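Novice: show me the folded form of this:
(chains A and B)
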Amino acid sequence: MIPASFAYERAQSVREAVELLESHQGEAKVLSGGHSLIPLLKLRLTSPTVLVDIGGIAELKGISAEGDRLVVGALTTHAEVAASPEVRRHLPLLAEAARQVGDLQVRNRGTVGGNIAHADPASDLPAVALALDAVITVEGPAGRSEVPVEDFILGPLLTALGGSDVVVSVAFPIPKGKWKGAYEKYPHPASGYAVAGVAAVIGVDDGGTIRDARVGITGVGDMPYRARDVEAALVGNPATEEVVRRAAERADAEGSFSGDLFASEDYRRHLSKVYTRRALMRSLP
Amino acid sequence: MTTTKTVVTLKVNGVERTAEVEPRLLLVHFLRDVLGLTGTHVGCDTSQCGACTVLLDGRGVKSCTVLAVQADGHEVTTVEGLARDGELHPIQEGFWEKHGLQCGFCTPGAMMTAVELLRQNPNPTDEEIREGLEGVICRCTGYENIVRAVKYAAERMRG
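Specialist: Residues are numbered from 1 along each chain as shown, chains lettered A, B, ... in the order given. Next up, the predicted model:
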């Protein structure tokens, strides 16, 4: 399969990338690792006339701890996130999710920025981003802005990104106090995408009471979501397996579920509860 | 529309190669059709099977999902670059000794992925080898011997 013809521009800076996108008036697409875009180009599901390659922009690479959050540059690969000592120390659930994206070769090439910008409803990272209240830094014609992930992902393959916007980084806040987190996933046996993927965080106070609970769920429907009902059933209660078991039953109270040839809607509802329970169990202190 | 061709220079198996290419040319087609390095195979063409795996700056990638222009200025190693001075690479030796292939179509990709796997983890368990080879599909389902081949290579490479 061969993509349709396109022109190719290489941006040396984020500013230049934004200017190039602007000058092509919505006809251009951003190319980073290419692991979402190139398959679409080959299938001719999208045929932009211009690709703006941001792959060589050094300022978009790397992971840094800034105050109480980890800032992951848009061009950082999943392999780099999974192997990062900083991520493994501060946000082990993020490393865990990154390690489960695609396969070894895909993780070497696919980027965090590209993943978020593509907003695949079965992608792993959005579950973790939602659970941690990640913030996406976007640069557009009017300058830089920070967009909370809940306002960024709007639907399947749909985000708040404008035609001339570039994702600069994704900042993951590090939860405070005593907490644990986990990512549990049921991968599609052929594609490796999440049929159900759940990122969970439980924070407890000194008395063992849950003071903070976060659950992000991906794969089961049109778009990833925060399971606020589950969270509400946890907060204020003792951090016990019984409390987790009961709370996890509410995993399908929100979210829009859908079925396909591989997994029916009912089965996905079931999986959302089971994988929420597993992720929460591993997040108990 | 007209697309301007771009001149790219890549170091392939240690040799600098320059060519004028269309931006839409995939790295795997550049290797096979422009450079004549047909050891890298095209299997599924949808980023699933891993037959086209090569090393890009030392990292295993699926060359059907990389544009040649993205590899401009970078180093590529293909299966043709594994052997040195007529001596098989330990991974090639492993596939030979442990009968790690049947039809052989996935073998170049399996070997390049194994090289990447052993770079990341020189002493993998069977489980870790299987996980590392997740992105390689063997249509003959000869996975057992592929795992043995990688284990053999790991032992050889650790010395």
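Novice: A:Val201 contacts A:Tyr183, correct?
Specialist: No. In this structure, A:Val201 is not within contact of A:Tyr183 by C-beta atoms under 8 Å, at 10.2 Å. C-beta: built from backbone N, CA, C; applies to glycine.
Novice: common neighbours of those two, please.
Specialist: Residues touching both A:Val201 and A:Tyr183 (C-beta atoms under 8 Å, 6 or more residues apart in numbering or on different chains) are A:Leu93.
Novice: between those two, which has more neighbouring residues?
Specialist: Ranked by neighbour count (other C-beta atoms under 10 Å in any protein chain shown), A:Val201 and A:Tyr183 place A:Tyr183 first, with 30 against 23.
Novice: I'd like the next helix or strand past the helix or strand that contains the more buried one.
Specialist: Using DSSP states H and E, A:Tyr183 sits within strand A:178-187. Later in the chain than strand A:178-187, the nearest helix or strand by DSSP H and E is strand A:194-204.
Novice: mind checking the pLDDT average for the helix or strand just after that following strand?
Specialist: Later in the chain than strand A:194-204, the nearest helix or strand by DSSP H and E is strand A:210-218. The pLDDT scores in strand A:210-218 average 98.
Novice: neighbouring strands for strand A:210-218, and are they parallel or not?
Specialist: strand A:194-204 (antiparallel), strand A:225-226 (antiparallel) (DSSP bridges).
Novice: just the strands in the stretch 1-150 of chain A please.
Specialist: A:7-10, A:28-31, A:50-53, A:63-66, A:69-73, A:135-140, A:143-148 (DSSP state E, counting those that start in this stretch).
Novice: list the buried residues for the fourth one?
Specialist: Within strand A:63-66, the residues scored as buried using 16 or more other C-beta atoms under 10 Å in any protein chain shown are A:Ile63.
Novice: go ahead and produce CSV holding the CA coordinates of the longest helix along chain B.
Specialist: When chain B is parsed with DSSP state H, its longest helix is helix B:143-158. C-alpha atoms of helix B:143-158 as CSV (Å, rounded to 0.1, in the frame of the first residue of the first chain):
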residue,chain,number,x,y,z
TYR,B,143,7.7,-19.7,17.6
GLU,B,144,9.1,-22.4,19.8
ASN,B,145,12.3,-22.6,17.8
ILE,B,146,12.5,-18.9,17.4
VAL,B,147,12.5,-18.6,21.2
ARG,B,148,15.3,-21.2,21.3
ALA,B,149,17.3,-19.4,18.7
VAL,B,150,17.1,-16.1,20.6
LYS,B,151,18.1,-17.9,23.8
TYR,B,152,21.1,-19.4,22.0
ALA,B,153,22.1,-16.0,20.7
ALA,B,154,21.7,-14.4,24.1
GLU,B,155,24.1,-17.0,25.6
ARG,B,156,26.6,-16.5,22.8
MET,B,157,26.5,-12.7,23.1
ARG,B,158,27.0,-12.8,26.8
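Novice: so for chain B, which of the strands of the stretch 1-150 of chain A sits nearest?
Specialist: strand A:7-10 (3.4 Å; C-beta to the nearest C-beta).
Novice: count of neighbours near A:Gly26?
Specialist: There are 12 residues near A:Gly26, going by other C-beta under 10 Å.
Novice: surely it touches A:Gly162?
Specialist: No. Counting by C-beta under 8 Å, A:Gly26 does not reach A:Gly162; the two are 9.2 Å apart.
Novice: chain neighbours aside, what residue packs nearest to whatever residue of chain A ends up closest to chain B?
Specialist: When distances are taken as C-beta to the nearest C-beta, chain A reaches nearest to chain B at A:Asp103, 2.9 Å away. If the residues on either side of it in the chain are set aside, A:Asp103 comes closest to B:Gly135, at 2.9 Å by C-beta to C-beta, 6 or more residues apart in numbering or on different chains.
Novice: again with A:Glu249
Specialist: A:Glu249's closest residue in space is A:Lys273 (C-beta to C-beta, 6+ apart), at 5.8 Å.
Novice: ok, back up a step: the residue nearest to A:Asp103 and A:Gln105 touch, don't they?
Specialist: Yes. Taking C-beta under 8 Å as the definition, B:Gly135 is a contact partner of A:Gln105 at 4.7 Å.
Novice: let me know how buried A:Val106 is, in neighbour terms.
Specialist: So A:Val106, with other C-beta under 10 Å, has 24 neighbours.
Novice: any idea how far the nearest residue to it once chain neighbours are set aside lies from B:Leu56?
Specialist: In this structure, A:Val106 finds its nearest non-sequential neighbour in A:His35, 5.8 Å apart by C-beta to C-beta, 6+ apart. For A:His35, the distance to B:Leu56 equals 13 Å [C-beta to C-beta, to the nearest Å].
Novice: more crowded one of the two?
Specialist: Ranked by neighbour count (other C-beta under 10 Å), A:His35 and B:Leu56 place A:His35 first, with 26 against 22.
Novice: any idea how far A:Ser13 is from the residue nearest to A:Val106?
Specialist: For A:His35 relative to A:Ser13 (C-beta to C-beta), the value is 23 Å.
Novice: kindly report the same for B:Leu88.
Specialist: Taking C-beta to C-beta, one finds B:Leu88 at 45 Å from A:Ser13.
Novice: look at A:Val274 and give its secondary structure.
Specialist: Classification of A:Val274 by DSSP: H, G, I helix; E, B strand; the rest coil places it in helix.
Novice: write out the residues of chain B neighbouring chain A.
Specialist: Residues of chain B found near chain A (C-beta under 8 Å from any C-beta of the partner chain) are B:1, B:3-4, B:6, B:22-24, B:26, B:29, B:45-48, B:50, B:53, B:56, B:59-62, B:64-67, B:69-70, B:113, B:116-117, B:120, B:132-135.
Novice: how does it look with 6 Å?
Specialist: B:3, B:23-24, B:45, B:47, B:53, B:59-62, B:65, B:69-70, B:132, B:134-135 (C-beta under 6 Å from any C-beta of the partner chain).
Novice: of those residues, keep whichever come out buried.
Specialist: Looks like the residues of chain B next to chain A have B:23-24, B:45, B:47, B:53, B:59-62, B:65, B:69-70, B:132, B:134-135 buried, using 16+ other C-beta under 10 Å.
Novice: what's around residue 58, how many residues?
Specialist: By default, I'm working from chain A. For A:Ala58, using other C-beta under 10 Å, the count is 10.
Novice: that's the wrong chain, I wanted chain B
Specialist: Neighbours around B:Gly58, by other C-beta under 10 Å: 13.
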